[in-house]
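A.B. asks: kindly generate the corresponding structure for this input.
(one chain, ligands or ions: 1)
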Amino acid sequence: MAEKLTGDARDTALAPLLETGWSLDAERDALVKEFRFADFPTAFGWMAALAAVAEKMNHHPEWRNVYNRVQVVLTTHDAGGLTALDARLAAEMDARAGD
Ligand SMILES: C[C@H](O)[C@H](O)[C@H]1CNC2=NC(N)=NC(=O)C2=N1
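C.D. replies: As a prediction, the model looks like this:
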């Protein structure tokens with residue numbers, strides 16, 4: 001099971017993500033971000049690509065899509081907070097959204 005991120009490792013993993021629009025939900029120890037796309041097909045195509053990535057990682061996002069927007073919450077349920085898997089999935093989401 002992935003270990004919760006703590007200390008310097010946590011700061012190092014999260015700092016670049018906080019620069020690209022991710023923020024922390026302290027209560028849940030989760031990363032949250034709203035992605036905005038040109039239209040629904042673009043948003044859903046991104047979700048489909050990320051679903052394949054998530055399945056391969058066995059690490060799955062909580063997300064909500066409304067037309068061209070996708071609200072994402074990333075946390076590791078098994079660990080009760082953020083792990084390296086969340087940071088890796090967040091970076092994949094950014095890369096595939098062009099953020
Ligand atoms: C049984 C299965 O391996 C677990 O439920 C996996 C699946 N995907 C997961 N995704 C996330 N975000 N957190 C988890 O703890 C998690 N655990």
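A.B. asks: helices of the protein, start to end?
C.D. replies: Ranges of helices within the chain are 7-18, 40-57, 84-97, based on DSSP state H.
A.B. asks: does the last one reach the ligand?
C.D. replies: What it means is helix 84-97. No. Helix 84-97 lies apart from the ligand when judged by C-beta under 6 Å from any ligand atom; the minimum separation is 7.1 Å. In short, each C-beta sits where N, CA and C put it, glycine included.
A.B. asks: just how off-centre is stretch 6-18 within its chain?
C.D. replies: 14 Å (C-alpha atoms, centre = their mean, to the nearest Å).
A.B. asks: possible to save the helices of the chain as a markdown table with mean neighbour count and mean pLDDT?
C.D. replies: A markdown table is the format used below for the helices of the chain (neighbours: other C-beta atoms under 10 Å; pLDDT from 0 to 100):
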| stretch | mean neighbour count | mean pLDDT |
| --- | --- | --- |
| helix 7-18 | 13 | 98 |
| helix 40-57 | 14 | 98 |
| helix 84-97 | 19 | 98 |
